[in-house]
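Participant: have a look; sequence and predicted model below, questions after that.
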Amino acid sequence: MKKWLNENLLCPECIPEEMPLELDISEEEDEDVIEGGLICSNCGRKYPIKKGIAFILPERSQALLSNGMGYNSREMLSSYLWSHFCDFFNDPDATDAYRIWSANFKGTNGYALDIGCAVGRLSFEMSKTYSHVIGIDTSKTFIEKARELLIKRRLDFELIIEGYITERRSCDLDDQWNYDNMEFIVADALALPFPKSLFSAVSSVNILEKVPDPLLHLAEADRVLREKDSMFLFSDPFSWDESVMDSGLWLGGKSDGQYKGRGIGNIHRILSDGDGLFDPPLEIIEKKDIAWKIRKTANLWEHINSQSVVATR
Ligand SMILES: C[S@@+](CC[C@H](N)C(=O)[O-])C[C@H]1O[C@@H](n2cnc3c(N)ncnc32)[C@H](O)[C@@H]1O
């Protein structure tokens, strides 16, 4: 974990109190902490730094680390590396989704946060605009790979063709990205380990429907987003799923209740009226549907329409 990150880290368990974390270094290389920990000055909890990765999760999400399935599986790693970087190795089926999302990053500067960054493409793109970029995700597998990309500035991975049959894909990454001012950490969208109003840009791309409490995710995005001169990039396919959360927590896809109707309409209202969540509310400056693909195997693809909103305040 790069040392510059430490000055803005807080204990996720003590939020909304802003309790700083004290850095305890066992091993470091240049300005990178390889082994050590972060200790809360209030509750005394210790968050480990292992092989350069900081794990700043509240207790309720610790179990995600030992789950080798879902977003920690080798299948998901292959899928997301393809989705994020297929244009770099000139795959004929590549989409330009991440270039379209990242074209929105202009007009603000300072710190930027990519919530649910997966293997990091959007975070890398943000580094062209912002002085510091932090990507967070609860998947250890994704964050390990994103940090490897950051250090090696090169992609090497086994693309799944079918079952255990794979093909190697390798390529150099963009030399325009500002690798020194980026970092990836394991953290939870529902308890962001950062102070109020730190970020001038926050992205929530394809994660709303994946968290167990979407309203808390939006409230956390609002808490860390600056009150002015800031932008929020939101995008989601709104494919609500009861295996992720109870339908009572969905922000759309229902015929009654506060969040009846389509999710995108509710998000427009939440952002522009504040809805008790965004204070101050935001001004929507762009709405667009973005075609995005996840490649599972040579024969299995998900074609996704992600509905995006760019909003400022
Ligand atoms: C559908 S993927 C989208 C990834 C990326 N934003 C993109 O658009 O390519 C959802 C991501 O959210 C992450 N995620 C799920 N729950 C999370 C949470 N509570 N906090 C942080 N990340 C989470 C997953 O690990 C996964 O990387």
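Facilitator: Perfect, thanks for sending it.
Participant: for Val186, list each beta-bridge partner.
Facilitator: Beta-bridge partners for Val186, by DSSP bridges, are Phe55, Asp137.
Participant: ok, now how distant is it from the ligand?
Facilitator: Counting by Cβ to the nearest ligand atom, to the nearest Å, the separation of Val186 from the ligand is 9 Å. In this view, the C-beta of every residue, glycine as well, is placed from N, C-alpha and C.
Participant: do Lys260 as well
Facilitator: On the measure of Cβ to the nearest ligand atom, Lys260 and the ligand end up 24 Å apart.
Participant: skip the chain neighbours and tell me the closest residue to that residue.
Facilitator: Distance criterion Cβ to Cβ, 6 or more residues apart in numbering; nearest residue to Lys260, sequence neighbours excluded, is Lys254 at 5.1 Å.
Participant: for the one you found, give its distance to the ligand.
Facilitator: Per Cβ to the nearest ligand atom, Lys254 is found 21 Å from the ligand.
Participant: next: Ala112.
Facilitator: From Ala112 to the ligand the distance is 14 Å (Cβ to the nearest ligand atom).
Participant: try Gly252
Facilitator: 17 Å.
Participant: repeat for Asp174
Facilitator: Going from Asp174 to the ligand by Cβ to the nearest ligand atom gives 17 Å.
Participant: what's the burial count for the residue nearest to Lys260?
Facilitator: Per other Cβ atoms under 10 Å, the neighbour tally for Lys254 reads 17.
Participant: close enough to count as contact, it and Ser247?
Facilitator: Yes. Between Lys254 and Ser247 there is a contact under Cβ atoms under 8 Å: 6.8 Å.
Participant: what's near enough to touch the residue nearest to Lys260?
Facilitator: 247, 260-261 (Cβ atoms under 8 Å, 6 or more residues apart in numbering).
Participant: so what are the domain limits for the protein?
Facilitator: According to automatic domain parsing, the chain is divided into the following domains: 1-56, 57-312.
Participant: export the ones you listed to JSON lines and append columns for mean pLDDT.
Facilitator: Converted to JSON lines, those look like this (pLDDT from 0 to 100):
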{"stretch": "domain 1-56", "mean pLDDT": "97"}
{"stretch": "domain 57-312", "mean pLDDT": "96"}
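Participant: strands of the stretch 201-313 of the chain, residue ranges please.
Facilitator: Using DSSP state E, counting those that start in this stretch, the strands of the stretch 201-313 of the chain run over 231-236, 283-297, 300-312.
Participant: hmm, Ser127 is touching Asn178, no?
Facilitator: Yes. Between Ser127 and Asn178 there is a contact at 4.1 Å, judged by Cβ under 8 Å.
Participant: give me the common contacts of those two.
Facilitator: Each of Val133 lies in contact with both Ser127 and Asn178 under the rule Cβ under 8 Å, 6+ apart.
Participant: what does the stretch 51-200 of the chain put close to the ligand?
Facilitator: Proximity of the stretch 51-200 of the chain to the ligand (Cβ under 6 Å from any ligand atom) is limited to residues 71, 83, 116-118, 136-139, 142, 188-190.
Participant: so which of the residues you listed are in helices?
Facilitator: Using DSSP state H, the subset of those located in helices is 83, 142.
Participant: what residues are up against the closest residue to Ala219 other than its chain neighbours?
Facilitator: The shortest distance from Ala219 to any non-neighbouring residue, by Cβ to Cβ, 6+ apart, is to Leu277 (5.4 Å). By Cβ under 8 Å, 6+ apart, the contact set of Leu277 is 215, 218-219, 222, 270.
Participant: got those residues as TSV, with distance to the ligand and neighbour count columns?
Facilitator: As requested, these are exported to TSV (distance: Cβ to the nearest ligand atom, whole Å; neighbours: other Cβ atoms under 10 Å):
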residue	distance to the ligand	neighbour count
Leu215	13	18
Leu218	13	23
Ala219	13	15
Asp222	16	23
Ile270	19	22
